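Novice: what's the 3D shape of this:
(one chain, ligands or ions: 1)
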Amino acid sequence: MAADYPTMKTAEIRSAYLNFFESKGCKLYPSSSLVPDDPSLLLANAGMNQFKEFYQGKKVMKEIGACSCQKCVRTNDIDIIGADGRHASFFEMLGNFAFGGVTKEQACTWAYELITEVFKLPKDRLYFTVFTEDDETESVWRSLGVPADHITRLGEDDNFWAAGPTGPCGPCSEIYFDLGEEVGCGCPDCAPGCDCDRFLEFWNLVFTQYDGQEDGTLAPLPTKNIDTGMGLERMAAIMQGVQSNYETDVMRDLISVGERLSGKSYKENAESDLSLRIIADHSRSVTFMIADGILPSNEGRGYVLRRLLRRAVMHAHKLGIEGAFLSNYVDAIVRLMGHVYPEVVDNRELVERVILSEEERFGVTLRQGQAYLADALEKLEGTVLDGATAFTLHDTYGFPVEITEEICADANITVDKEGFEACMDQQRERARAATKDDAEAAWSTYGG
Ligand code: SER
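Specialist: Numbering: from 1, shown residues only. The predicted structure is shown next:
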């Protein structure tokens, strides 16, 4: 599909967006670390995270608002990453934020101006959703010239946004781009919110007016705020006239790294394409997480890192890539993104060292683990793999249980997660008892 509007590279979109909001008086903030300064969040998942205290009225910004390009990691959709063209574990979010100084009408007007006058997207391909009860936002879009049949009302599941279970949140309005009838399901009532690929959501405008409390209630915030987030990779797909984030300039370069290492060409085989996409995506999360000081471990964000890293290694094996390989992706990421995120340049050596050590550790046991699992699946009667086998894979061969689940899912087998957790609990119990015995032994030796 050739685009009927100007083409822009990822770097040009990033600059155009940030320049636009700086010209409106918003202060440019660098991306915050992926490790949030907020115990309620495991990893930075949105541009608004670093502004939480401004939303809560605990801090005051003297400028009218802020803008940023934020690195984000989200793993809630990990199963579909690579399988579709729009989900990713790592992505960049372009955002603008205001804490009482910008009205809803102003925020929507800026958004419309940017996409129609700077990015020059054709108006007839733009669609909008608004929260069911939000008449005001619908009338703002209408006043900007959006026809009524390009606006859909959606409920809380789609049009109410929160970073996590607590904290600033509110109703939202999303902007979609119509990729064309030929991409969609063909249903006469196909519209934004439909499960098919026709309408691509690329910008979310949240009207952050509540602070979610521990007990689930919504306390009104002192001011009516704005938090908008545009997925840079999705916008790049639109501006480059391609159907998938993986075909945009930056991501396609990372796919080429995998092509070079594996000798496989992209778009020749569905299975190897999937692995090439997964490694392209995961290599970015892994690089940025380590550059921000996260180390592989068996819990918390360290576990998320280990899981992504080992999943990338497993897909490399599927592609026939032998030995340590991820440093090739780090080189490309530094080249493609180092000018925006100096931390990947400054911490490159650490990133490479941590990755290499993890690749070596997992590389040693991966094949044996795969053989062990293949044997267990062959002997399996029924469709559920027992928890003890999943535990052995985790404990002896270093398979995160989610990877075991993924391999099993290919054979239509599920994993007994409860049984697995019970084995994990027993192991923790043994470890606690061993620590206690050691402490007692030390006491009897030294303390008398
Ligand atoms: N916080 C909202 C989101 O992540 C908009 O920035 O979608």
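Novice: Every contact and neighbour count from this point should use C-alpha atoms.
Specialist: Will do.
Novice: So in the chain, where's the weakest helix or strand by average pLDDT?
Specialist: In the chain, no helix or strand scores lower on mean pLDDT, DSSP states H and E than helix 417-442, which sits at a mean of 81.
Novice: Just read off the phi/psi values of the residue of the stretch 251-400 of the chain found nearest the ligand.
Specialist: Taking CA to the nearest ligand atom, the ligand has its nearest neighbour within the stretch 251-400 of the chain at Ser285, 17.0 Å off. Here is the backbone geometry of Ser285 (degrees, to the nearest 10): phi -60, psi -50.
Novice: Also the one 3 residues further on?
Specialist: Geometry field for Phe288 lists phi and psi as phi -70, psi -30, criterion degrees, to the nearest 10.
Novice: That one: how many residues sit nearby?
Specialist: Here the number of neighbours of Phe288 (other CA atoms under 10 Å) works out to 27.
Novice: I figured it was touching Pro342, is that so?
Specialist: No - taking CA atoms under 8 Å as the definition, Phe288 is not a contact partner of Pro342, at 10.6 Å.
Novice: partners of the closest residue to the ligand within the stretch 151-300 of the chain in the sheet?
Specialist: Taking CA to the nearest ligand atom, the ligand has its nearest neighbour within the stretch 151-300 of the chain at Gly229, 3.2 Å off. Taking DSSP bridges as the rule, Gly229 bridges to Gly95, Asn204.
Novice: And it, how close does it get to Asp292?
Specialist: Distance, Gly229 to Asp292, by CA to CA, to the nearest Å: 22 Å.
Novice: Could you find the closest non-adjacent residue to Ala83?
Specialist: Leu274 (6.3 Å; CA to CA, 6 or more residues apart in numbering).
Novice: Next one: the one you found, what pLDDT does it get?
Specialist: With respect to pLDDT, Leu274 scores 96.
Novice: need the contact list for Tyr176.
Specialist: Residues in contact with Tyr176 (CA atoms under 8 Å, 6 or more residues apart in numbering) are Leu126, Tyr127, Phe128, Pro192, Phe199, Leu200, Glu201, Phe202, Trp203.
Novice: Out of those, which is nearest to Asp331?
Specialist: Phe202 (28.7 Å; CA to CA).
Novice: quick check, the helix or strand harbouring that closest one touching the ligand?
Specialist: Element membership for Phe202 (DSSP states H and E) is strand 199-206. Yes - against the ligand, strand 199-206 shows contacts by CA under 6 Å from any ligand atom at Asn204, Leu205, Val206.
Novice: Now that we have the residues you listed, can you turn them into JSON lines and tack on neighbour count and pLDDT?
Specialist: What follows is the residues of strand 199-206 next to the ligand, written out as JSON lines (neighbours: other CA atoms under 10 Å; pLDDT from 0 to 100):
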{"residue": "Asn204", "neighbour count": "21", "pLDDT": "98"}
{"residue": "Leu205", "neighbour count": "26", "pLDDT": "98"}
{"residue": "Val206", "neighbour count": "24", "pLDDT": "98"}
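Novice: Next, work out how far apart Arg14 and Arg252 are.
Specialist: Distance from Arg14 to Arg252, by CA to CA: 17 Å.
Novice: out of those two, which sits in the more crowded spot?
Specialist: Arg14 (21 against 17).
Novice: May I have the secondary structure class of the more buried one?
Specialist: helix (DSSP: H, G, I helix; E, B strand; the rest coil).
Novice: give me every residue that touches it.
Specialist: Cys69, Leu94, Leu232.
Novice: again with Ser40
Specialist: Gly164, Thr166.
Novice: Can you tell me the SS state at it?
Specialist: Quick answer, by three-state DSSP: Ser40 is coil.
Novice: Can you give me the end-to-end span of stretch 131-147?
Specialist: End-to-end distance (CA to CA), stretch 131-147: 17 Å.
Novice: what comes up buried for it?
Specialist: Across stretch 131-147, burial judged by 16 or more other CA atoms under 10 Å covers Phe131, Thr132, Thr137, Glu138, Val140, Trp141, Val146.
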